[in-house]
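Asker: Please find the sequence and the predicted model below.
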Amino acid sequence: MNPCPGLGPGSSTIQRQVRDGQRFRAVKVALEPGSLERSLRELGWVIEVKPPAGPFFLGLGGRAG
């Protein structure tokens with residue numbers, strides 16, 4: 001039995017454990033840099049998103065206004 005429903009192979013939800021033993025869940029969402037910038041802009045943020053390398057993004061900016 002899976003002690004954390006929704007986790008496991010093929011799931012978009014992952015669980016990570018940090019050094020002090022705390023466990024956190026995160027939801028992986030695949031986005032393109034432009035799509036992420038637009039979504040954040042709609043929420044009141046001005047962020048420039050760049051893909052430095054691999055599957056990760058680097059974002060720099062702040063709240064609009």
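Answerer: Thanks, I have the structure now.
Asker: how about the helices in the protein?
Answerer: 33-42 (DSSP state H).
Asker: Could you list the domains of it?
Answerer: Domain assignment for the chain by automatic domain parsing gives 1-30, 31-65.
Asker: Please work out the average pLDDT along the shortest one.
Answerer: It stands for domain 1-30. Domain 1-30 comes out with an average pLDDT of 77.
Asker: And the strands in this protein?
Answerer: 13-17, 23-27, 45-50, 58-63 (DSSP state E).
Asker: so who does L60 touch?
Answerer: By Cβ atoms under 8 Å, 6 or more residues apart in numbering, the contact list for L60 reads I47, E48. In this view, the C-beta of every residue, glycine as well, is placed from N, C-alpha and C.
Asker: and it, what are its bridge partners?
Answerer: E48 (DSSP bridges).
Asker: Can you give me the separation between it and R16?
Answerer: L60 sits 24 Å away from R16, going by Cβ to Cβ, to the nearest Å.
Asker: try I47
Answerer: Following Cβ to Cβ, the distance that separates I47 from R16 is 24 Å.
Asker: How many residues are close by the residue nearest to R23 when sequence neighbours are not counted?
Answerer: Counting by Cβ to Cβ, 6 or more residues apart in numbering, R23 lies nearest to Q17, which is 4.9 Å off, once chain neighbours are set aside. Using other Cβ atoms under 10 Å, Q17 has 9 other residues around it.
Asker: Pretty sure Q17 sits against A26.
Answerer: No. Under the criterion of Cβ atoms under 8 Å, Q17 makes no contact with A26, lying 11.9 Å away.
Asker: shared neighbours of those two, which are they?
Answerer: Residues touching both Q17 and A26 (Cβ under 8 Å, 6+ apart): none.
Asker: thinking again about what came up before, who's more crowded, I47 and R16?
Answerer: I47 (18 against 9).
Asker: residue contacts, the more buried one?
Answerer: Contacts of I47 (Cβ under 8 Å, 6+ apart): L36, E37, L40, R41, G59, L60, G61, G62.
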